[in-house]
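Engineer: Model the following, please.
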Amino acid sequence: MAAKQGSGRLLKALAAAIALVLAGGVASASSPCAAQELSLPRVPWEGGPVYYESFAAAKTMGWANPSFFPVGVWYESVRDDGDVALDKGAGLNTYVELTDDSDMPLIRSHGMSALTGKPHPGMGAETVGWLIADEADMWAGPGDGRWSGLYPGQGAPCVPEKPPCGYTAMRTLKDKLPKGGDRMYYANYGKGVQFWQTPAEAGKFVNPYTDATSADMYWYTDPGICQEAGLFFKWQASECPLAADYGAVVDRMRMLDAMDDRRQPIYAFVELGWPSKEGTRTIDPRQTAGAVMSSLIHEARGIVYFNHSFGGPCPSYHLLREPCYAGMRATVTEMNRRIRELAPVLNTQSYVHRFSRDLDTMLKCYGGSCYVFAMVRRAGPLGSHTLTLPRELASARRVEVLFENRVLPVTEGAFTDSFTAEYAYHVYRITP
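Structural biologist: Residues are numbered from 1 along each chain as shown. Below you'll find the predicted structure:
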């Protein structure tokens, strides 16, 4: 029996090494970490790529592969090969809602996935799930009142106005979608579940309807959002807007999702331009990268970019395809490349360890190395920070800073690095 168990461990280590090479070589499989786990508690999770095994459509499109990490764009139009080429070139792999004129066979032929609000003509394997609704928590509110079938701008959603009818709308819309367990159900929420509602009210949106969910909060560009954060969260002025605020959205969604003891993937939304015509500011590409990283550190299982820009000098529904947003496209493309390279790492269950009281961090181990993702916590001090390693990693002599061509020495089980901006982040690889 012992020989069989040892053989099993060897085969698992060999499989991990092979998977690592196929994934692009993000780590070496030669250290003890390949054969043992850290003696630390784990962050609760839904199961990573294994979660998608139970959805045939997602599995067919590779979502159960540890090298796949969902990176989507909101409400695009795909009509020719050039559209898909631009999107794939930016590192996108998923369309979260599509216009009626989008070509589903074209999307499928390019290996892209889609989550759509209804069956589109020509749909097939590319449609991995159904979008039930967007922000029903805001436009209909928490309640079982009568939904008129109307959306904002069409008329009153709830008739009579009280009680609210958001739960009714969610049930009605889901019932209209195709049945069957081969495709996921997904919904996005907003300030209702994040700000306005009690956990009990918000939990009734987040938990009963979906297999994956998200919330959009545009901290850098919404002109009134920081004032609301002060009112509802009691945040100070120094705490908003920051890249770390995007991680707080994921935290809130994970808290609500855990209320029914059934976890699902939480995706993160990050804006890329001017989402509001009344907005007085856009988002800087470096802030975008920081917002994405904060979301990942707080256990987001996918990223969705809001690439509609309604204000500013270059309005567009296809921001990442526009020459006037070349700087943003370059940053998003590089960020998505890093996500793709680190996907096998991101798709593992995190460990709980406090590296520094002033940093937001995430610890994962894969293929013989351990990875630390770090950035300054909300309103935390900038500058030099010391990260204390867990016991099993304290003997390491150096830490590699990925994507920066730097190596840091480890002294007495700790290393020090600098964080010069609130959106700055570092990813460290430690091979004991």
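
Engineer: Assign the nearest residue to residue 174 once chain neighbours are set aside to helix, strand or coil.
Structural biologist: The shortest distance from residue 174 to any non-neighbouring residue, by C-beta to C-beta, 6 or more residues apart in numbering, is to residue 132 (5.0 Å). All C-beta atoms are positioned from the backbone trio N, CA, C, and that covers glycine. Per DSSP: H, G, I helix; E, B strand; the rest coil, the secondary structure class of residue 132 is strand.

Engineer: do you know how far residue 132 is from residue 115?
Structural biologist: Residue 132 sits at a distance of 10 Å from residue 115 (criterion: C-beta to C-beta, to the nearest Å).

Engineer: what do those two both touch?
Structural biologist: residue 186 (C-beta atoms under 8 Å, 6 or more residues apart in numbering).

Engineer: follow-up on the earlier one: what's near enough to touch the residue nearest to residue 174?
Structural biologist: Contacts of residue 132 by C-beta under 8 Å, 6+ apart are 117, 170, 173, 174, 177, 185, 186, 187, 209, 210.

Engineer: can you put these in a markdown table and add distance to residue 164, secondary structure and pLDDT?
Structural biologist: Putting the contacts of residue 132 into a markdown table (distance: C-beta to C-beta, whole Å; DSSP: H, G, I helix; E, B strand; the rest coil; pLDDT from 0 to 100) gives the following:
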| residue | distance to residue 164 | secondary structure | pLDDT |
| --- | --- | --- | --- |
| 117 | 21 | coil | 98 |
| 170 | 12 | helix | 98 |
| 173 | 15 | helix | 98 |
| 174 | 17 | helix | 98 |
| 177 | 22 | coil | 98 |
| 185 | 21 | strand | 98 |
| 186 | 22 | strand | 98 |
| 187 | 16 | strand | 98 |
| 209 | 16 | coil | 98 |
| 210 | 19 | coil | 98 |
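
Engineer: could those residues be laid out in JSON lines, adding neighbour count and distance to residue 305?
Structural biologist: Converted to JSON lines, those look like this (neighbours: other C-beta atoms under 10 Å; distance: C-beta to C-beta, whole Å):
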{"residue": "117", "neighbour count": "18", "distance to residue 305": "18"}
{"residue": "170", "neighbour count": "22", "distance to residue 305": "25"}
{"residue": "173", "neighbour count": "20", "distance to residue 305": "24"}
{"residue": "174", "neighbour count": "17", "distance to residue 305": "25"}
{"residue": "177", "neighbour count": "17", "distance to residue 305": "24"}
{"residue": "185", "neighbour count": "19", "distance to residue 305": "22"}
{"residue": "186", "neighbour count": "26", "distance to residue 305": "16"}
{"residue": "187", "neighbour count": "24", "distance to residue 305": "18"}
{"residue": "209", "neighbour count": "19", "distance to residue 305": "24"}
{"residue": "210", "neighbour count": "25", "distance to residue 305": "20"}
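
Engineer: Just name the closest of the residues you listed to residue 402, please.
Structural biologist: Distance to residue 402 across the contacts of residue 132 (C-beta to C-beta) is lowest for residue 186, with 30.8 Å.

Engineer: Test my guess that the closest one contacts residue 133.
Structural biologist: No - the criterion here is C-beta atoms under 8 Å, and residue 186 misses it with residue 133 at 9.6 Å.

Engineer: CA-only coordinates of stretch 209-221 in PDB, if you can.
Structural biologist: C-alpha atoms of stretch 209-221 as PDB (Å, rounded to 0.1, in the frame of the first residue of the first chain):
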ATOM      1  CA  TYR A 209     -30.300  32.100  -9.100                       C
ATOM      2  CA  THR A 210     -26.700  31.800 -10.400                       C
ATOM      3  CA  ASP A 211     -23.700  29.500 -10.800                       C
ATOM      4  CA  ALA A 212     -21.300  32.500 -11.200                       C
ATOM      5  CA  THR A 213     -21.900  36.200 -10.300                       C
ATOM      6  CA  SER A 214     -20.300  39.600 -10.100                       C
ATOM      7  CA  ALA A 215     -20.900  43.200  -9.100                       C
ATOM      8  CA  ASP A 216     -19.700  46.400 -10.900                       C
ATOM      9  CA  MET A 217     -18.500  49.400  -8.900                       C
ATOM     10  CA  TYR A 218     -16.600  52.000 -10.900                       C
ATOM     11  CA  TRP A 219     -14.500  53.600  -8.100                       C
ATOM     12  CA  TYR A 220     -12.200  55.600 -10.300                       C
ATOM     13  CA  THR A 221     -14.800  57.100 -12.600                       C
END
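
Engineer: secondary structure class for the closest residue in space to residue 240 that isn't next to it in sequence?
Structural biologist: Nearest non-adjacent residue to residue 240, counting by C-beta to C-beta, 6+ apart: residue 226, 3.8 Å away. Here residue 226 is recorded as helix under three-state DSSP.

Engineer: Identify the residues contacting residue 226.
Structural biologist: Counting by C-beta under 8 Å, 6+ apart, residue 226 makes contact with 219, 235, 237, 240, 241.

Engineer: now with 10 Å?
Structural biologist: Shown in contact with residue 226 (C-beta atoms under 10 Å, 6 or more residues apart in numbering): 219, 220, 235, 237, 239, 240, 241, 242, 245.

Engineer: Quick check: it vs residue 320, distance?
Structural biologist: When distance is defined by C-beta to C-beta, residue 226 is 26 Å away from residue 320.

Engineer: returning to that earlier point: show me just the buried residues among the contacts of residue 226.
Structural biologist: Those of the contacts of residue 226 that meet the buried threshold are 219, 220, 235, 239, 240, 241, 242, 245, by 16 or more other C-beta atoms under 10 Å.

Engineer: on that earlier part again, can you pick out the ones from the contacts of residue 226 that are in helices?
Structural biologist: Within the contacts of residue 226, residues falling in helices by DSSP state H are residue 245.
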